[in-house]
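A.B. asks: What follows is a protein structure lacking sequence information:
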């Protein structure tokens, strides 16, 4: 019987949806049932454990799961607050569910910078990270731990400021708050423990990681096709960011023109296309790449 790789995932929420999308893009076929705690992948020996996000690092550290996908802010918080340390580290950054852990205070008030935090109260769902920041900056303040609705703390008199996750900032603005310091940039990460897996599980994990790597690279990569003057090839190639040696092909009946095709691993901006056109490039196509494997 083949050992099945166990992946701990957040049960619901934006990170959960993004994680499911990633795995499905990697070719994994599974169904999530309402209220279910386990989903079995049908075409690979993988089980998905659907749990609370703050349980994922301990699941990985304590061998309940082999790997996990979790927000970096959750991992760092659990590492800082676990009683006996936490054997879970980042194996891969996944590039989605990005957010910031920020200090914020009422737009009309006395707190404008971290210097104003001295001898005040800070409400947060991340006491470990907040305390670390305060200690590193020699700030003495009282941390008020709250499980939810942190943005309400200043208006109801619980704290003078907050430390909370920010994505768009709309929630803070709606509550009359403004950020004045970012103390952690966070994104979804793949985490593992230091223990060794058996050969079967390691082979499954290596296969999955290769697929994830291909998905991430394909999102950041574009396939470029254009026609270019033969005598401007060096200048045009220099403008294509992160490209390997391009494929050059002659155009029928056009001795002075060639067709150029290449894969670019960096963003292509409108300014880049305009610069290419100014060098004589024409019929420029920028195409998405669905899958990649090196």
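C.D. replies: Good, I have the coordinates. Because the structure is a prediction, the values reported are computed rather than measured.
A.B. asks: Tell me which helix or strand comes right after the lengthiest helix in the chain.
C.D. replies: Counting by DSSP state H, the longest helix found in the chain is helix 199-220. Using DSSP states H and E, the helix or strand that follows helix 199-220 towards the C-terminus is strand 222-229.
A.B. asks: who touches that following strand?
C.D. replies: 236, 240, 243, 251, 254, 256-264, 268, 276, 279-289 (CB atoms under 8 Å, 6 or more residues apart in numbering). Backbone N, C-alpha and C define where each C-beta goes, glycine included.
A.B. asks: Who does residue 286 form a beta bridge with?
C.D. replies: For residue 286, the beta-bridge partners under DSSP bridges are residue 224.
A.B. asks: Report the contact partners of it.
C.D. replies: 222-224, 268, 273.
A.B. asks: what's the spacing between it and residue 275?
C.D. replies: Going from residue 286 to residue 275 by CB to CB, to the nearest Å gives 14 Å.
A.B. asks: Over to residue 219?
C.D. replies: 24 Å.
A.B. asks: next one: residue 267
C.D. replies: Distance from residue 267 to residue 275, by CB to CB: 14 Å.
A.B. asks: Tell me which of these two has more neighbours.
C.D. replies: residue 275 (14 against 11; other CB atoms under 10 Å).
A.B. asks: Contacts only, for that one.
C.D. replies: residue 239.
A.B. asks: what inclination does the helix or strand harbouring it have with respect to strand 222-229?
C.D. replies: According to DSSP H and E, residue 275 maps onto helix 270-278. For helix 270-278 against strand 222-229, the angle by axes from the mean of the first three to the mean of the last three CA atoms, to 10 degrees is 20 degrees.
A.B. asks: what's whichever strand or helix holds residue 21 packed up against?
C.D. replies: According to DSSP H and E, residue 21 maps onto helix 14-25. Helix 14-25 is packed against strand 5-10, strand 67-71, strand 188-192, helix 199-220, with contacts defined by 3 or more CB pairs under 8 Å, 6 or more residues apart in numbering; DSSP states H and E.
A.B. asks: Quick one, which of those gets closest to residue 60.
C.D. replies: strand 67-71 (4.6 Å; CB to CB).
A.B. asks: neighbouring strands for the closest one, and are they parallel or not?
C.D. replies: Here strand 67-71 is paired, per DSSP bridges, with strand 5-10 (parallel), strand 188-192 (antiparallel).
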